[in-house]
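Chemist: Fold the following.
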Amino acid sequence: MASAETKTGKILIVDDEWTIRDVLATILTTEGYQVTMAEDGAEAIKKLDEDTFDLVITDLKMPNIDGMEVLRHLSTLNVSTLGIVATGYGSIESAVEALRLGAFDYITKPFHLDEIKILVHKAREFQSLQAENQNLKRELKRTSRVENIVGQSPSMLKLDQLIRTVADSDSTILILGESGTGKELVARAIHYHSDRANQPLIPVNCGAIPEDLLESELFGHIKGAFTGATMNRIGRFQMADGGTIFLDEIGDMSPKLQVKLLRVLQEQTFEPVGSTQTVKVNVRIITATNRNLEKDVADGRFREDLFYRLNVIPLHIPPLRDRLDDLPLLVDHFIKRFNKSKGRRLTRFSDEAMRLLAAYPWPGNVRELENLVERMAILNGEGEIGTAQLPEKFTGLSPAALPVAGAPAEIPDEGIDFNRLVDDFEMGLITKALEKANGIKNKAAALLNIKRTTLVEKMKKKGMLGNDGE
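Modeler: Just a heads-up that it's a prediction; the model follows:
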């Protein structure tokens with residue numbers, strides 16, 4: 001039995017025989033559908049461009065523009081409309097072609113009206129299931145962590161939430177951050193959590209391509225456009241059609257290309273180098289830079305109108321030195337990666353080595369940390385990495401620069417729980433002392449330079465003693 005949800009919707013009926021149009025419209029209107037009619041393919045295409053429909057029921061054989069052309073046009077619109085082909089000239093070949101073009105089903109004339117009603121109902125149920133599936137996928141993306149975005153610091157949790165929030169929009173995104181913070185990683189996370197995930201993601205490093213070649217790289221060229229252009233070549237924007245293009249180091253783009261990029265943002269069109277033919281694309285644009293674009297605008301190095309087009313949704317990636325809470329997670333992540341890819345068996349960095357890493361300013365950010373762990377994996381192969389294995393730039397750090405073990409790398413806006421942190425710090429020290437002393441409290445107290453009674457009292461308060469008080 002049809003539900004109230006599936007027995008509604010907008011249907012376009014296309015047939016050059018007015019009697020068939022009228023009968024179908026009467027039956028489906030009675031069933032609760034909103035019906036629009038078109039007497040040929042040309043009128044149908046016009047109505048599809050002007051409005052959105054849930055279903056199109058089209059005759060196959062019509063003068064000038066037939067039902068196949070209607071289906072072909074429907075497939076270019078990137079909508080969820082389903083097509084049903086009805087014809088008196090049924091054949092296996094035409095049925096296969098109609099289904100290949102995306103038709104939901106195929107029915108031959110003469111047909112029973114009940115048959116049409118059942119088929120329409122099945123199509124609407126199919127759409128309901130599709131919509132439910134998409135909603136479940138969106139909810140899963142909304143509630144799950146973004147893969148490869150490693151970190152539990154407040155700034156990274158906020159970034160993770162923003163990525164999942166903006167992924168399904170088609171808005172332009174500007175990713176801001178120092179070199180090595182992972183801007184391309186964030187761009188990929190946005191793309192693969194979006195509705196364009198099954199379409200191409202095309203990255204372009206605008207700072208790595210000479211200015212005279214970048215235009216051709218982005219927009220393509222035709223044969224003979226310049227010396228060396230021996231054949232037509234499509235550009236990265238065309239490659240990304242339907243998907244996402246990621247323009248890294250956008251701040252290095254020349255004023256001439258900034259103008260052309262602005263047009264793509266406004267109209268989604270461009271001309272290849274040397275061509276007068278306009279190419280239209282459907283591309284989401286994500287850009288990134290380590291420059292201060294607002295300052296570049298003020299200094300006249302970057303177009304103000306382009307900046308505001310790019311800066312619809314800005315995402316800031318914090319430098320590693322501002323999220324040192326994530327350092328142990330990142331080190332563990334890279335150890336596991338390089339153990340697998342390099343066939344190594346590293347276990348960990350020692351506590352003292354981690355203190356040295358935490359005292360380092362990390363000018364190369366996460367990329368520099370990744371390179372360090374890869375180097376340690378190759379040179380050492382297995383076991384624990386101690387201070388002796390670290391490069392001199394780490395071991396030469398002044399003792400005064402070393403952070404207090406257990407102290408947070410940053411204090412978030414909402415503040416910290418001072419008493420809990422101090423309690424956790426004390427418990428960690430006691431646990432390490434007991435492990436080193438093989439559980440002997442006198443020896444553990446001596447290692448901590450406190451009395452045994454003081455140690456026992458602290459352990460009692462922290463619930464670290466057994467039922468016998470020891």
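Chemist: Next, the most centrally placed residue in the chain: secondary structure please.
Modeler: The centre of the chain sits closest to residue 190, judged by C-alpha atoms, centre = their mean, with a distance of 1.7 Å. Look at residue 190: counting by DSSP: H, G, I helix; E, B strand; the rest coil, its state is helix.
Chemist: contacting residues for it?
Modeler: Going by C-beta atoms under 8 Å, 6 or more residues apart in numbering, residue 190 touches 163, 166, 167, 173, 244, 286. Where you see a C-beta, it was placed from the backbone N, CA and C, and this is true even at glycine.
Chemist: Recalculate using a threshold of 6 Å.
Modeler: Counting by C-beta atoms under 6 Å, 6 or more residues apart in numbering, residue 190 touches 163, 167.
Chemist: gap between it and residue 382?
Modeler: For residue 190, the distance to residue 382 equals 37 Å [C-beta to C-beta, to the nearest Å].
Chemist: now swap in residue 348 and tell me
Modeler: Distance from residue 348 to residue 382, by C-beta to C-beta: 11 Å.
Chemist: same thing with residue 388?
Modeler: Going from residue 388 to residue 382 by C-beta to C-beta gives 15 Å.
Chemist: likewise residue 118?
Modeler: 67 Å.
Chemist: all strands of the stretch 1-150 of the chain, in order?
Modeler: Taking DSSP state E, counting those that start in this stretch, the strands of the stretch 1-150 of the chain run over residues 10-14, 34-38, 55-59, 82-87, 103-108.
Chemist: Between strand 103-108 and the fourth one, find me the angle.
Modeler: So the one you mean is strand 82-87. Counting by axes from the mean of the first three to the mean of the last three C-alpha atoms, to 10 degrees, strand 82-87 lies at 20 degrees to strand 103-108.
Chemist: And strand 82-87, what does it pack against?
Modeler: strand 55-59, helix 67-76, strand 103-108 (3 or more C-beta pairs under 6 Å, 6 or more residues apart in numbering; DSSP states H and E).
Chemist: Strand 55-59 and the last one, what's the angle between them?
Modeler: I take that to be strand 103-108. If you take the same axes, to 10 degrees, strand 103-108 sits at 40 degrees to strand 55-59.
Chemist: partners of strand 103-108, with directions?
Modeler: strand 82-87 (parallel) (DSSP bridges).
Chemist: next one: the shortest one
Modeler: Taking DSSP bridges as the criterion, strand 55-59 pairs within the sheet with strand 10-14 (parallel), strand 82-87 (parallel).
Chemist: Turn these into JSON lines, including mean pLDDT.
Modeler: JSON lines is the format used below for these (pLDDT from 0 to 100):
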{"stretch": "strand 10-14", "mean pLDDT": "94"}
{"stretch": "strand 82-87", "mean pLDDT": "86"}
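Chemist: could those strands go into CSV alongside mean neighbour count and distance to residue 320?
Modeler: Output for these, formatted as CSV (neighbours: other C-beta atoms under 10 Å; distance: least, C-beta to C-beta, whole Å):
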stretch, mean neighbour count, distance to residue 320
strand 10-14, 24, 53
strand 82-87, 24, 50
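Chemist: Look up how far residue 309 lies from residue 259.
Modeler: Residue 259 is 12 Å from residue 309, where distance means C-beta to C-beta.
Chemist: what do you get for residue 225?
Modeler: Taking C-beta to C-beta, one finds residue 225 at 27 Å from residue 309.
Chemist: swap in residue 132?
Modeler: From residue 132 over to residue 309 the distance is 36 Å, taken as C-beta to C-beta.
Chemist: now residue 444
Modeler: The value you get for residue 444 to residue 309, if C-beta to C-beta is used, is 63 Å.
Chemist: who has more neighbours, these two?
Modeler: Set side by side, residue 444 and residue 309 show more neighbours around residue 444, with 23 against 18, by other C-beta atoms under 10 Å.
Chemist: Helix or strand: which one has the more buried one?
Modeler: helix 441-448 (DSSP states H and E).
Chemist: mind checking pLDDT for residue 109?
Modeler: You'll see residue 109 listed with a pLDDT of 77.
Chemist: That one: what's it in contact with?
Modeler: With C-beta under 6 Å, 6+ apart, residue 109 has these contacts: residue 88.
Chemist: thinking again about what came up before, follow the chain on from the helix holding residue 444 and name the next helix or strand.
Modeler: Moving toward the C-terminus from helix 441-448, the next helix or strand (DSSP H and E) is helix 452-461.
Chemist: where does residue 385 fall, phi/psi-wise?
Modeler: With angles defined as degrees, to the nearest 10, residue 385 sits at phi -100, psi 120.
Chemist: contacting residues around the helix or strand hosting residue 259?
Modeler: Assigned by DSSP H and E, residue 259 falls within helix 255-267. The contact list for helix 255-267, computed with C-beta under 6 Å, 6+ apart, reads 215, 270, 303, 306, 309.
Chemist: That helix: how far from the chain's middle?
Modeler: 24 Å (C-alpha atoms, centre = their mean, to the nearest Å).
Chemist: what mean pLDDT would you report for it?
Modeler: Regarding helix 255-267, the rounded mean pLDDT is 94.
Chemist: With stretch 339-355 instead?
Modeler: The model assigns stretch 339-355 a mean pLDDT of 93.
Chemist: Do a quick rundown of the strands in the stretch 251-400 of the chain.
Modeler: Applying DSSP E, counting those that start in this stretch to the stretch 251-400 of the chain gives strands spanning 269-270, 279-280, 284-289, 313-316, 345-349, 382-385.
Chemist: So what's the predicted local confidence for residue 242?
Modeler: 93.
Chemist: Turn the strands of the stretch 251-400 of the chain into a markdown table, columns for mean neighbour count and distance to residue 326.
Modeler: Formatted as a markdown table, the strands of the stretch 251-400 of the chain follow (neighbours: other C-beta under 10 Å; distance: least, C-beta to C-beta, whole Å):
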| stretch | mean neighbour count | distance to residue 326 |
| --- | --- | --- |
| strand 269-270 | 17 | 40 |
| strand 279-280 | 14 | 43 |
| strand 284-289 | 25 | 20 |
| strand 313-316 | 15 | 15 |
| strand 345-349 | 17 | 14 |
| strand 382-385 | 14 | 18 |
